[in-house]
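J.: Structure for this input, please:
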Amino acid sequence: MVNNSSVKNLIKILIGAAWIDGKIQPEERQYLRKVAEEKGVANEPDIKPWLYELRAVQPEECYLWVGEYLGKNPSQEDYQKLIQAISGLIYSDGEVAIEEAKLLTKLQNLSVEKESTQPVLNGILRKIQKMYRRWVEVQN
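T.: Modelled structure (predicted):
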């Protein structure tokens with residue numbers, strides 16, 4: 001059994017990201033359960049209610065978890081890991097909901113504040129932003 005609070009927080013953020021559009025898609029459900037199993041937290045009492053959809057996650061909770069996960073001074077690796085994890089979830093169902101794109105945009109905006117100290121991360125974020133801009137354009 002894993003007691004790593006960082007892993008649990010990441011799983012909760014992913015669950016929150018899946019709920020952010022108001023419902024969990026079957027592909028997102030499968031992805032979440034697979035990741036939770038791989039990380040060893042699927043049966044954790046503080047993860048199970050959300051993982052098995054016994055309790056919905058409100059967007060505010062998801063953003064709160066993002067803040068807790070990143071902490072006061074997140075590293076380049078923290079942002080990269082979170083963006084990659086959320087992107088994996090978001091693309092698991094083959095479509096990006098507006099709310100999901102907003103979550104990633106907020107995360108990207110948080111990381112922009114560190115622009116002068118994290119140039120490598122900014123290159124990654126710019127690529128992700130371009131990808132989402134193209135997706136939003138296609139949707140409109």
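J.: Which parts of the protein are helices?
T.: 5-19, 26-39, 48-51, 59-70, 76-91, 98-112, 119-139 (DSSP state H).
J.: would a markdown table of those with mean neighbour count and mean pLDDT be doable?
T.: Just so you know, the C-beta spots here come from the backbone N, C-alpha and C atoms, and that holds for glycine as well. Shown next, in a markdown table, are these (neighbours: other CB atoms under 10 Å; pLDDT from 0 to 100):
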| stretch | mean neighbour count | mean pLDDT |
| --- | --- | --- |
| helix 5-19 | 22 | 88 |
| helix 26-39 | 16 | 91 |
| helix 48-51 | 18 | 91 |
| helix 59-70 | 17 | 85 |
| helix 76-91 | 18 | 79 |
| helix 98-112 | 17 | 71 |
| helix 119-139 | 13 | 60 |
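J.: List the contacts of the residue nearest the centre of the chain.
T.: For the chain, residue 86 is the residue whose C-alpha lies nearest the centre (CA atoms, centre = their mean; 3.2 Å). The contact partners of residue 86, by CB atoms under 8 Å, 6 or more residues apart in numbering, come to 13, 14, 17, 100, 103, 104, 107.
J.: One more: residue 8?
T.: 2, 41, 44, 46, 47.
J.: so which of those residues is the most crowded?
T.: residue 41 (22 neighbours; other CB atoms under 10 Å).
J.: give me every residue that touches that residue.
T.: Residue 41 touches 2, 7, 8, 11, 47, counting by CB under 8 Å, 6+ apart.
J.: Closest to residue 91 out of these?
T.: residue 11 (17.5 Å; CB to CB).
J.: ok, the closest one touching residue 37?
T.: No: Residue 11 lies out of contact with residue 37 (CB atoms under 8 Å); the separation is 10.4 Å.
J.: how long is stretch 45-55 end to end?
T.: Using CA to CA, to the nearest Å, one end of stretch 45-55 lies 13 Å from the other.
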